[in-house]
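Novice: Give me coordinates for this.
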Amino acid sequence: MPGMELPGTPQRLLALDVGSRTIGVAVSDPLGITAQGLPTIRRSSKRADYDQLAKLVRTYGVAEIVVGHPLQMSGAAGLQAQKIEAMAVELRRRFHLPVHLWDERLTSSEANRLLRETDMSIRRRGEVVDQLAAVLILQSFMEARNRNV
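Specialist: Numbering: from 1, shown residues only. This is a model prediction of the structure:
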């Protein structure tokens with residue numbers, strides 16, 4: 001049952017692709033091998049956003065959070081990256097979990113490219129692009145972690 005992992009059982013990672021209007025969300029399997037997209041969060045207020053994230057953390061037994069870090073192509077942290085860095089601090093404070101910033105350069109464009117290759121309508125692609133970006137962020141984080149183990 002989700003959120004009811006046994007002691008010693010690996011726990012899930014939660015990935016976030018944070019935008020101004022939505023938060024794309026993905027969660028790993030308990031072994032940290034695969035990522036699956038979850039419904040995108042429509043942002044309404046800071047409190048509502050964190051309430052929805054808290055519910056996901058509890059439901060899935062999340063042990064770590066990975067947040068897409070929107071660096072500029074040069075690698076510098078612009079205004080949006082600074083906002084995400086502040087959010088990562090707030091996530092650590094609220095949930096008492098490790099929060100990792102993960103370079104998300106090109107994940108949204110990769111998600112759009114992958115979706116263009118399907119016969120999905122433009123409207124439907126717009127609904128799932130944030131979710132797919134979160135999946136790509138989480139999958140690349142887990143692959144890098146597994147290479148370094």
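
Novice: longest helix anywhere in this structure?
Specialist: Scanning the chain for the helix with the most residues, using DSSP state H, yields helix 122-147.

Novice: all helices of this structure, in order?
Specialist: 46-60, 79-95, 107-116, 122-147.

Novice: end to end, how far does stretch 98-112 reach?
Specialist: Length of stretch 98-112, first residue to last, CA to CA, to the nearest Å: 29 Å.

Novice: What are the buried residues along it?
Specialist: Val99, Leu101, Trp102, Asp103, Glu104, Thr107, Ser108, Ala111 (16 or more other CB atoms under 10 Å). Yep, even glycine has a C-beta here, placed from its N, CA and C like the rest.

Novice: Per-residue pLDDT of the second one, please?
Specialist: The predicted local confidence for Leu101 comes out at a pLDDT of 97.

Novice: Ala88 is in contact with that one, correct?
Specialist: Yes - under the criterion of CB atoms under 8 Å, Leu101 makes contact with Ala88 at 5.7 Å.

Novice: any common contacting residues for these two?
Specialist: Common neighbours of Leu101 and Ala88 (criterion: CB atoms under 8 Å, 6 or more residues apart in numbering): Val67.

Novice: what about Thr22, distance to Gly75?
Specialist: To Gly75, Thr22 is 25 Å away according to CB to CB, to the nearest Å.

Novice: cool, and Val135?
Specialist: Distance, Val135 to Gly75, by CB to CB: 24 Å.
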